[in-house]
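Engineer: this one's structure only:
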């Protein structure tokens, strides 16, 4: 019951984030679809975590080099996703209003991804690996 409510909340927040992204692209005043390339960052963001979880040792050490490298790459991906629309706005490929909507969508989507891993990444009997 609690996991189902969390899944519904995460789905709702993901839809809100994608709505912000689509508004930044599809509103007639903006009308440019370059910000959709941010979707690539959404898809590759969890990959370092998956690799570190698969490759890393299963000890309960406080830190491991593999996990720290995964955090580093994930941070680089997230910062790049926030920097991409700012660079597009600076070179006037998109308008600043579209940049703001995409940045708001980025914040919501990345918080949704973080929430997904916090809720379903514990490795207990009900985890994301069952999906």
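Structural biologist: Nice, thanks for sending it over. Treat the numbers as computed from the prediction; the structure is a model and nothing was measured.

Engineer: Next, the contact list for the one residue sitting closest to the centre of the chain, please.
Structural biologist: Central residue of the chain (C-alpha atoms, centre = their mean): residue 110, 3.3 Å from the mean position. By C-beta atoms under 8 Å, 6 or more residues apart in numbering, the contact set of residue 110 is 45, 78, 81. In this view, the C-beta of every residue, glycine as well, is placed from N, C-alpha and C.

Engineer: Dihedrals phi and psi, the first one?
Structural biologist: Listed backbone geometry of residue 45 is phi -60, psi -50, with angles given as degrees, to the nearest 10.

Engineer: wait, doesn't it sit right on residue 76?
Structural biologist: No - the criterion here is C-beta atoms under 8 Å, and residue 45 misses it with residue 76 at 10.1 Å.

Engineer: So these two - more neighbours on which side?
Structural biologist: Neighbours per residue (other C-beta atoms under 10 Å) separate residue 45 from residue 76, with residue 45 holding more: 20 against 11.

Engineer: Apart from its chain neighbours, what residue comes closest to that one?
Structural biologist: The shortest distance from residue 45 to any non-neighbouring residue, by C-beta to C-beta, 6 or more residues apart in numbering, is to residue 77 (5.1 Å).

Engineer: Find the least confident helix or strand in this structure, judged by mean pLDDT.
Structural biologist: Lowest by mean pLDDT, DSSP states H and E among the helices and strands of the chain is helix 47-55, with a mean of 87.
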